[in-house]
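In: let's see this in three dimensions:
(one chain, ligands or ions: 3)
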Amino acid sequence: MELCGTAEEVEKMLRQEADLTYTPMMGTFELLPLCNMSCKMCYVRQTREEMELQGRMLTCDEWLRIAEEACDKGLLYLLLTGGEPLLYPDFQRLYKGVSQMGVILEINTNGTLIDEKMADFLDENGVRKLNITLYGKDNVTYAKLCNNPDGFTQVMRAARLLKERNILFRFNCSLTPDNVDQLPELQKIADSLGVDLAAEEYMFPAVRRGKNARNQYRLTAEQAVREKIYTYRAYNAQEAREKLADLERPPRLKGLSGFSCHAGHCAFSVNWMGEVLPCGLLSAPKISALEYSFDKCWNYIVDACKKLPECQKCMECDKQNVCQVCPAMCYAEAGSTAGCPDYVCQMTEHMITELTKIIENDAAVGKML
Ligand code: SF4
Ligand code: SF4
Ligand code: SF4
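Out: Numbering: from 1, shown residues only. Ligands and ions are numbered 1, 2, ... in the order given. Now for the predicted structure:
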């Protein structure tokens, strides 16, 4: 394989090659389920008591052993996440240890714990990028949605400290009933700092929080789609036509496991209990990296992904090319990768309806001119 081009192009080529050769090039370590915030829509957060009923966090040496074994298999990019990963007790030793293996690191964080010391640490130890979730435009929203009345101030402090050190970060935003009307203001905040903002309108059900999970807290399927189409992506008529033209293209779900992403091909996730999974949003198949070598775990995941039962309705669906369905959504929404996720179906129906309206309105305006 010849490597030339920008860093992004080289990375894309590496990913394609890794996909074909089932090389676990991209990993995620979910260090802990604990968090200093408590967001209404969170699918992972647990209290310490809830966590201890289920298991224990891995030690730093256990994580380093898994990372080393994953490196031997080809790990190159690692995302540290949680809960809030900066709360992991041995975060700095773990970070340095993995970094010294030559792994390129990113961090998902809520940003509230980044003070001068942490910003200096990241600056000194090199981080590829931080993905900071921006939950609202002010402390009132953070109090309501995240149970942290100082959250906005803390995130803005983090943004300032990172900018001062030229550390790359971007904002992610989870759209919920509490902040959905704030997207334009959140975009302005991102623009004023010169960073990207990626909004996500689909919220996974909090299945991992079990019986203690709050009721599902998310937009209706219609609200989510309208937000994407009219505010976040702001489709014009040409883009709407192009999107709907996807319906005529060959179906994207090709059978086998139904994975059209990198999970189980070149990507894996390890949850806070040391279980290896194809992706952090899918609760099965899984195998313990505390009981088996990473090599054995990866081979198991690759094989199990190929055998995952798939949703027949999705496989035969003529709307699949405009639908964002994936095995993790089937599992989370319907309890099995073979189940059909009603909420996702509703989103797709609304998407087609709204895109059609944009095209029809455009044609009507054209006739009037
Ligand atoms: S900051 Fe993230 S991990 Fe923490 S409670 Fe909110 S959504 Fe969950
Ligand atoms: S989730 Fe529904 S709309 Fe999407 S592919 Fe499956 S059946 Fe079709
Ligand atoms: S959430 Fe879905 S699309 Fe994303 S990695 Fe997991 S299975 Fe793939």
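
In: which of the helices or strands spans V276?
Out: Secondary-structure assignment from DSSP states H and E places V276 in strand 275-277.

In: what about that strand and ligand 3, any contact?
Out: No: remark: strand 275-277 sits outside contact range of ligand 3, by Cβ under 6 Å from any ligand atom, the gap being at least 9.0 Å. C-beta: built from backbone N, CA, C; applies to glycine.

In: tell me which parts of this structure are close to ligand 2?
Out: Applying Cβ under 6 Å from any ligand atom, one finds that the chain approaches ligand 2 through K313, C314, C317, K319, Q320, C323, V325, C340, P341, V344, C345, T348.

In: what's the closest of these to P251?
Out: The shortest approach to P251 among the residues of the chain next to ligand 2 belongs to Q320, at 5.6 Å (Cβ to Cβ).

In: what sits against the residue lying closest to Q187 once chain neighbours are set aside?
Out: Nearest residue to Q187 in three dimensions, chain neighbours excluded: L197, at 5.6 Å (Cβ to Cβ, 6 or more residues apart in numbering). Residues in contact with L197 (Cβ atoms under 8 Å, 6 or more residues apart in numbering) are L134, R170, F171, N172, C173, L186, Q187, I189, A190.

In: how many residues are close by G102?
Out: When counting by other Cβ atoms under 10 Å, one arrives at 9 neighbours for G102.

In: isn't it right next to C71, touching?
Out: Yes: if you go by Cβ atoms under 8 Å, G102 and C71 touch, sitting 7.3 Å apart.

In: now the residue of the stretch 1-150 of the chain found nearest ligand 3: which helix or strand?
Out: With Cβ to the nearest ligand atom as the measure, T28 is the residue of the stretch 1-150 of the chain nearest to ligand 3, at 9.3 Å. Assigned by DSSP H and E, T28 belongs to strand 26-30.

In: can you list the strands that that strand pairs with?
Out: In the sheet containing strand 26-30, its partner strands are strand 77-81 (parallel), strand 267-270 (parallel), by DSSP bridges.

In: need the contact partners of the first one.
Out: It stands for strand 77-81. The list of residues contacting strand 77-81 from outside it, by Cβ under 8 Å, 6+ apart, reads 11, 25-31, 67, 94-95, 98, 103-108, 128, 280.

In: got the residues of the chain near ligand 1?
Out: Taking Cβ under 6 Å from any ligand atom, the part of the chain that reaches ligand 1 is made up of C35, M37, S38, C39, C42, V44, R45, G82, G83, E84, N110, C146.

In: out of the residues you listed, who's the most crowded?
Out: Compared across the residues of the chain next to ligand 1, N110 has the highest neighbour count, 28 neighbours, by other Cβ under 10 Å.

In: next up, the contacts around I287.
Out: The neighbours of I287, taking Cβ under 8 Å, 6+ apart as the test, are E275, V276, K296, C297, Y300, I301.
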